[in-house]
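**Q** Pasted the sequence and its predicted model underneath.
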Amino acid sequence: MTVHVDGKTTVRDLVGRYPQTRPTFEKHGIDYCCGGGKCLAEAADERGLKLPELVGAWEEALRTTAGKAEATDKDWYAVQLGALVNHIVAVHHGYMKTALPRLRVLVPTVLNAHAAHHGDVLRQGQALLNAFDAELSSHLMKEEQVLFPYIVALEAHLHEGAPKPLAPFGSARNPIRQIEHEHESAGQALAKLREVTHDYALPADACPTFTAMYEELQRMEANLHEHIHLENNILFPRVIELEEAVGGER
Ligand SMILES: [Fe+2]
Ligand SMILES: [Fe+2]
């Protein structure tokens with residue numbers, strides 16, 4: 001498989017079509033979830049990175065994974081939206097609903113044990129995480145109770161002749177705009193957390209609980225990036241297209 005990648009390719013297209021390129025984005029801190037509409041040249045420039053080296057890394061990822069499982073990750077552009085919604089809820093919302101309660105225990109435990117030497121970093125981290133936790137919990141609920149059921153019903157209307165669902169919010173573009181704004185805020189909170197912890201650099205006296213907490217935070221960050229990418233770059237543009245096909249309100 002030869003895939004042509006150049007500076008004009010959008011971030012959204014590259015990660016959406018070829019998920020095996022995602023680790024390169026994560027490694028270099030390039031925002032591929034909220035900044036999906038940018039072209040690769042612009043994204044590289046913003047991070048002060050050299051485009052040819054990045055293109056080389058992406059092409060290498062595409063070459064070495066050709067025909068392997070990670071290269072044939074589900075084509076989320078082709079599946080029914082209901083299947084994509086189910087995947088997001090099971091894999092990403094499900095993850096958050098176990099990771100956040102774990103962190104609610106881990107963070108105060110680490111703060112109690114290490115307040116003397118690392119109180120500053122840990123208290124700043126705790127405040128950021130608490131705000132993130134509160135916002136994200138209501139965000140997930142909004143998606144699961146309002147937007148996602150509407151998407152599934154709209155698809156059933158178009159493909160199975162089910163009644164057209166009522167949209168109390170007018171067009172889906174309205175809640176999507178708000179949700180994208182919340183994604184931006186969640187992404188910024190985790191970027192700030194990474195900055196405060198100096199890229200999750202463990203101090204020399206870190207105990208296993210401290211280590212577990214930083215590992216969980218980094219897993220959560222990677223999971224959230226993929227989660228937002230699936231919603232912003234694939235699900236939402238497909239919902240807007242679906243609504244146009246149905247002839248929804250504007
Ligand atoms: Fe979500
Ligand atoms: Fe979301």
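**A** Cool, the structure landed. Residues are numbered from 1 along each chain as shown. Ligands and ions are numbered 1, 2, ... in the order given.
**Q** What ranges in this protein fall below the confidence cut-off?
**A** 1-2, 66-73, 248-250 (pLDDT under 70).
**Q** Please, which helix or strand holds the residue of it positioned farthest from its centre?
**A** Most distant from the centre of the chain: Ala116, at 34.6 Å, with distances by C-alpha atoms, centre = their mean. In this assignment (DSSP states H and E), Ala116 forms part of helix 94-142.
**Q** And that helix, how far out from the chain middle?
**A** 18 Å (C-alpha atoms, centre = their mean, to the nearest Å).
**Q** Point out the other helices and strands that it packs with.
**A** Applying 3 or more C-beta pairs under 8 Å, 6 or more residues apart in numbering; DSSP states H and E, we find helix 94-142 packed against helix 173-196, helix 208-229. Quick note: C-beta positions are derived from backbone N, CA and C, even for glycine.
**Q** Could you identify the helix or strand that succeeds the last one?
**A** This means helix 208-229. helix 236-246.
**Q** Please spell out which residues along that next one are buried.
**A** 236-239, 242-243 (16 or more other C-beta atoms under 10 Å).
**Q** again, but for stretch 9-28
**A** Buried residues in stretch 9-28 (16+ other C-beta under 10 Å): 9-12, 14-16, 18-22, 24-25.
**Q** same check, this time on stretch 185-195
**A** Those would be 186-187, 189-190, 193-194, for stretch 185-195 by 16+ other C-beta under 10 Å.
**Q** For Cys39, what are phi and psi?
**A** Dihedral pair for Cys39: phi -90, psi 160, per degrees, to the nearest 10.
**Q** Hmm, I typed the wrong one, I wanted Ala90.
**A** Dihedral angles for Ala90 - degrees, to the nearest 10 - are phi -70, psi -50.
**Q** can you tell me how far it sits from Ile30?
**A** Per C-beta to C-beta, to the nearest Å, Ala90 is found 27 Å from Ile30.
**Q** who has more neighbours, the two?
**A** Ile30 (19 against 10; other C-beta atoms under 10 Å).
**Q** List the residues that contact the more buried one.
**A** 11, 24, 43-44, 46-47, 49 (C-beta atoms under 8 Å, 6 or more residues apart in numbering).
**Q** What distance do you get for Pro52 to Val5?
**A** Distance from Pro52 to Val5, by C-beta to C-beta: 11 Å.
**Q** if you count what's nearby, which of these two comes out ahead?
**A** When Pro52 and Val5 are compared for neighbours, Val5 comes out ahead with 20 against 11, by other C-beta under 10 Å.
**Q** Which of the buried residues of stretch 9-28 fall within strands?
**A** Among the buried residues of stretch 9-28, no member falls in strands (criterion: DSSP state E).
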